[in-house]
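Student: A predicted structure for the sequence below; I have some questions about it.
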Amino acid sequence: MQTLNQALFIFFAVLAVASAILMVTRRNIVHGAVFLITTLLSTAGIFLLLQAEFLFIVQVILYVGGIMVLFVFVIMLVNLDVSMRQVQFNRQWFVAGALALVLAGQFLFAIWVGRGALRLPAMASEISPKNTEAVADALFSHYMLPFEIASILLLVAMIGAVVMAKRRAG
Amino acid sequence: MGHLIPPSIMPFVLPVLYAVVIVAVLPLLAGYIVLMERKVMADMQARLGPMRVGPHGLLQPIADAVKLLLKEDIIPDKADRLMFWFAPLVSVTMALLAYSALAIGPAFQIADLNIGLLFILAISSLGIYGIVLGGWASNSHYSLLGALRSAAQLVSYETAAGLGLISVLLLAGSLSMKDIVQAQLDQGVWFGFSVPFGFFIYLVGSIAETNRAPFDLPEAESELVAGYMTEYSGFRWSLYFLAEYANMIIVAGIATTLFLGGWLRPGARYHEHIPGTGIEWLDALPALLTLGVALYSLKLAPTQPVKIQKIVMVLVAVLCLGVACVLAGALFAPPAVMQGIHGAFWFMAKVFAYIYAFLWIRFTFPRYRFDQLMRLGWRFLIPLALVNVIGVGVAIVLRQQFAWGPIVSLIPTTLATLGVAMLLAKDDAPVAEAQTAAGE
Amino acid sequence: MGSGKFGNRERAVAPQDGYGRMSDERTTKTISGMDSVNTTVLGADEIILNMGPQHPSTHGVLRVKLKLDGERVAGSECIIGYLHRGVEKIAEHRSYQQFAPYVDRMDYVAAVSNGLGYCEAVEKLLGTEAPPRARVVRTILTELQRIASHLLWLGTHALDIGALTPVFYCFREREEILKIFEKYCGARLTTHAFRIGGLQYETYDGFEEDTKRFCNDFAHKIDEYETLLTENRIWVGRTKGVGILNAADAIALGVTGPVLRASGVKWDLRRAQPYAAYDQYEFDIPTRETGDTYDRYVVRMEEMRQSRRICLQAVENIPTGPIMARIGKVLKPPPGEVYHSIEAPKGELGYYIVSDGTTQPYRVRVRPPSFINLQAFDKMAKGALIADVVAIIGTIDIVLGEVDR
């Protein structure tokens, strides 16, 4: 059982990283979108391995089934030939690379410093099957305020988008 | 069996067996749903439908399948070959994957997930990628427009259908398919009757999600030739076709489980026994029904024009007789076996009734226009679904606070929802000025 | 696109309102604004969609070029000529009688009406008239043909809008009419039912009963179609306000027939310049006000009822007597020209015939209703959605055999 889990984890992890890299390097943006979907799905697979079924479902329904559909929707309307002919990297790639290195360094440093502080519990195979309810409890009682703030933020963004679209159409 | 298989693999054996059966049987079932569709259509349109291959066209699906498999597989020159190849696979894989959580009767289920319903919804919503990518990869305007319509339509109606389902989840208090059916048994009423608006919203939403008429805009043949499938042919085309019909069975399965009592027999709480035996009256019904079909086919057999057709008709009769025997034999088997078999029978019967409603609607109504479809989704169904969810919530509070019965508490809220629906429908009256406004 | 050598074979049915350049520019033809399609990286392009000539709902081989902004039509151009057979030219090399079967092949779903128009035009040129009995039989058959043509229109129009069932009901009733034609003259579609000077065949035994039976059943059948469509929410939504053509535009574009009447112009040649035996019968000319697709639907449905009414009146009282006027075997009309038009199911069908005194016409020019009505397409389609384009093509009720000739 343990080996199976490990094999699956390695499979999903490699898939996630590989398709993430492919996503950035593909010239064809529709292919890029497909690889992004693959990345999201493999992350969802890892959630499932951790027995976080609800997170898995949320990842699939929201990111893959919802947001990415809209992404692809927009991408398909874009003129592909133009993007195929454009240079993939502009002159700022050096700055971006340096920033990325700094960020990676920060991460490594943080992990190194805090390596003893965070003790992850062993992967719980006996987590109560009611984890959907646990998520709901946490969201609607303990984290009620942040949850509501996030919702209002999204609502504002949505209304803003509608207003802008209306102005353009009018 | 126990000796041959290592115990660590034992829990996987039955699910894998079910999965194999489903993957094997589904294409055949889809083929026969097509035949059913054509026959129902023919009946409604005052004609006969397929009559040539086998008696009453009974072998038509097999002939169609052979034809599709043998057809030339064309990939357009300027298509994106990889995506063109990949897209139908996505559609059909997702459609089949969704079956893993569908409970066909209490015994036949690959995996009883505690998020079962969400899983089915999530997976079947991924099928859209097959359509969108296929439409895009074909490099044709018709395909692209079909794909775009499909994406927009699915995202809109999934919201409405999901809200329709939530009203049931409030009553059932679980996402597991088995628990939802159990809740309907405990409360003594199918949720389709206790939240009729939830059922209605889901019905409309599910038609739109499966791209069936009157919401079949992604493949509207009079406008977009065949929409996203325009450039597809042969086997790839048949994969899309299979996915569409598999999805139909899925949504029918969800509706059956959530609104029509799943595998519960009509009158599940009525336990009158046949005197002198331990058999309930109503349990004898399935066997008698199939026996009736068998006798009818036997009666038709001599009237068939060709000898081979007579033989096929007799075979059909024998098949039905066999099913009748199994259903009757189950009455004397242990209760678990008996419920498994009869549950599957009732489940399938309800699924087919739901699909029949799909077909009926398809042959009666003209097609919506795209803007009308969107207006119906966003301005009618979604507000109505929200009101309905609130109504069910209020009903639950009423039940808890005043100890009203489950039905009694739902009556006032359902009436209130009806009022809102009528208001919304008035507001939604066919709008004529859309074109003129845009034309200026 | 139309090369210079063969002239403008792909004639465009003209938007003549200064919108779009027309086909007489032989080098290039563009839809207005098509050359300024903006192609930025992220800008959604306006796409150009070629509908037809092979497309399920262009009713034959019509090709429509649409400039789309999303799903909205920003411009359109009808390209025709794919079914051009040079019918008018053929006429110059056939004797008057020989040419009669050719006219059946123009509007092939209303062959009887075509034949009536041609025969009456030649009769007018000869200065003779068909005997009363022939005229009444002609009226009955032509009205039956009108019903058949409208039924075909209704079925295909409904099918285009996505209603799968009415087409079969319509064909069921159309079949009865075709059976009457078959019994009368042996042919169902391209009937060649009439001859110059009258009729070749006497009516068969039971013709009156068949017609009466059909008409009596039909009253109920037409209610059946209306049950499926008239008050159907989706049908109303798909047709109301779609493809509006006001009366002034309709007259300016030369539109005739039900399309014109739906715009509120009470103009029907059967009443305005009675021919055959129409002056003897009572019938109403249905009109509507808005001129949208729904109105055209209502008008045609009512026209079927009126045709039924005419048939019933006519069949009650078919005069006896000869069926053929006294004309020679060889027709040599005096030199001169004549224009005669009838109210075909689709509008004014006119024949302009010039005779030089020989057995063959010097020139035959047909005024086909479909061709002229198609002119209105661009006006109706501007600002509509793709789905409406299909409805609009259907509502004009074109037959490409007649448009292209």
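Tutor: Everything's here; your move. Numbering: from 1, shown residues only, chains lettered A, B, ... in the order given.

Student: Check what contacts the regular element (helix or strand) spanning A:Ala44 and list those residues.
Tutor: Taking DSSP states H and E as the criterion, the element that holds A:Ala44 is helix A:29-49. Defining contact as CB atoms under 8 Å, 6 or more residues apart in numbering or on different chains, one finds that helix A:29-49 is touched by A:5, A:8-9, A:11-13, A:15-16, A:19-20, A:22-24, A:26, A:53, A:55-56, A:59-60, A:63-64, A:68, A:71-72, A:75-76, A:78, A:80, A:83, B:80, B:82-83, B:129, B:133, B:136. In this view, the C-beta of every residue, glycine as well, is placed from N, C-alpha and C.

Student: From C:Arg72, how far out is the closest residue to B:Tyr368 other than its chain neighbours?
Tutor: Excluding its sequence neighbours, the residue lying closest to B:Tyr368 (CB to CB, 6 or more residues apart in numbering or on different chains) is B:Pro214, at 5.3 Å. Plainly put, B:Pro214 is 21 Å away from C:Arg72 if you go by CB to CB, to the nearest Å.

Student: Neighbour count for these two, which is higher?
Tutor: Remark: of B:Pro214 and C:Arg72, B:Pro214 carries more neighbours, 23 against 19, as counted by other CB atoms under 10 Å in any protein chain shown.

Student: secondary structure class for that one?
Tutor: Taken by DSSP: H, G, I helix; E, B strand; the rest coil, the conformation at B:Pro214 corresponds to coil.

Student: Next: C:Gly321.
Tutor: Per three-state DSSP, the secondary structure class of C:Gly321 is coil.

Student: Retrieve the pLDDT associated with the residue in chain A positioned nearest to chain C.
Tutor: Among all residues of chain A, A:Leu77 sits closest to chain C, at 4.4 Å; criterion: CB to the nearest CB. According to the prediction, A:Leu77 has pLDDT 71.

Student: following the helix holding A:Ala44, which helix or strand comes up?
Tutor: Moving toward the C-terminus from helix A:29-49, the next helix or strand (DSSP H and E) is helix A:53-58.

Student: contacts for that next one?
Tutor: Counting contacts by CB under 8 Å, 6+ apart, the residues touching helix A:53-58 from outside are A:44-45, A:47-48, A:131-132, A:135, B:113-115, B:118-119, B:122.

Student: and if you look at stretch A:132-145?
Tutor: Applying CB under 8 Å, 6+ apart, the contact partners of stretch A:132-145 are A:Glu53, A:Phe54, A:Leu55, A:Ser128, A:Phe147, B:Asn114, B:Ile115, B:Leu175.

Student: quick one: terminal-to-terminal distance for it?
Tutor: Distances were taken as CA to CA, to the nearest Å; on that basis the terminal residues of stretch A:132-145 are 20 Å apart.

Student: How about it, which residues are buried there?
Tutor: Within stretch A:132-145, the residues that count as buried by 16 or more other CB atoms under 10 Å in any protein chain shown are A:Thr132.

Student: Quick one: mean pLDDT for that stretch?
Tutor: Across stretch A:132-145, the average pLDDT comes to 81.

Student: quick one, helices of the stretch 51-200 of chain B?
Tutor: Across the stretch 51-200 of chain B, reading from the start of the chain, the helices by DSSP state H, counting those that start in this stretch fall at B:60-70, B:81-97, B:116-137, B:141-172, B:177-187, B:191-194, B:196-209.

Student: Need the winner for burial among those.
Tutor: helix B:116-137 (a mean of 26; mean count of other CB atoms under 10 Å in any protein chain shown).

Student: for that helix, packing partners?
Tutor: Helices and strands touching helix B:116-137, by 3 or more CB pairs under 8 Å, 6 or more residues apart in numbering or on different chains; DSSP states H and E, are helix A:29-49, helix A:53-58, helix A:68-76, helix B:81-97, helix B:141-172, helix B:177-187, helix B:234-259.

Student: tell me the angle of it relative to helix B:81-97?
Tutor: Put simply, helix B:116-137 runs at 160 degrees to helix B:81-97, going by axes from the mean of the first three to the mean of the last three CA atoms, to 10 degrees.

Student: between helix B:116-137 and helix B:234-259, how big is the angle?
Tutor: Here helix B:116-137 points in a direction 150 degrees away from that of helix B:234-259 (the same axes, to 10 degrees).

Student: Distance from the chain centre to helix B:116-137, please.
Tutor: Relative to its parent chain, helix B:116-137 has a centroid offset of 15 Å by CA atoms, centre = their mean, to the nearest Å.

Student: same check, this time on stretch C:138-154
Tutor: Taking the mean of its C-alpha atoms, stretch C:138-154 sits 11 Å from the chain's own mean (CA atoms, centre = their mean).

Student: now stretch C:61-80
Tutor: Relative to the mean C-alpha coordinate of its chain, stretch C:61-80 is positioned 22 Å out (CA atoms, centre = their mean).

Student: what about the spatially most central residue of chain C, distance to A:Phe9?
Tutor: Among the residues of chain C, the smallest C-alpha distance to the mean C-alpha position (CA atoms, centre = their mean) belongs to C:Lys346, namely 3.0 Å. Summarising the geometry, the distance separating C:Lys346 from A:Phe9, computed by CB to CB, is 71 Å.

Student: and the nearest residue to B:His271 once chain neighbours are set aside, what are its bridge partners?
Tutor: Taking CB to CB, 6+ apart, and ignoring the residues beside it in sequence, B:His271 has B:Glu280 as its nearest neighbour in space, at 5.8 Å. With beta bridges defined as DSSP bridges, B:Glu280 has these partners: B:His273.

Student: Please give me every residue in contact with B:Glu280.
Tutor: When the contact criterion is CB under 8 Å, 6+ apart, the partners of B:Glu280 are B:Tyr270, B:His271, B:Glu272, B:His273, B:Ile274.

Student: From B:Trp136, how far off is the residue of chain A closest to chain C?
Tutor: Separation of A:Leu77 from B:Trp136 (CB to CB): 10 Å.

Student: just for chain A, where's the confidence low?
Tutor: Judged by pLDDT under 70, chain A has its weakly predicted residues at A:1, A:78-89, A:117-131, A:167-170.

Student: measure the residue sitting nearest the centre point of it to A:Phe11 for me?
Tutor: Nearest to the centroid of the C-alpha atoms of chain A, with distances taken as CA atoms, centre = their mean, sits A:Leu40, at 5.8 Å. Distance from A:Leu40 to A:Phe11, counting by CB to CB: 16 Å.

Student: before we move on, what about B:Ala208?
Tutor: Counting by CB to CB, the gap from B:Ala208 to A:Phe11 is 36 Å.

Student: Can you verify my assumption that B:Leu154 contacts A:Val69?
Tutor: Yes - if you go by CB atoms under 8 Å, B:Leu154 and A:Val69 touch, sitting 7.2 Å apart.

Student: Residues that sit against both of the two, list them.
Tutor: Both B:Leu154 and A:Val69 are contacted by B:Ile128, under the criterion CB under 8 Å, 6+ apart.

Student: who touches the residue nearest to C:Gly60 when sequence neighbours are not counted in this structure?
Tutor: Using CB to CB, 6+ apart and skipping residues adjacent in sequence, the residue nearest C:Gly60 is C:Leu400, 3.3 Å away. Applying CB under 8 Å, 6+ apart, we find C:Leu400 in contact with C:His59, C:Gly60, C:Val61, C:Leu62, C:Ile80, C:Tyr82, C:Leu83, C:Ser370.
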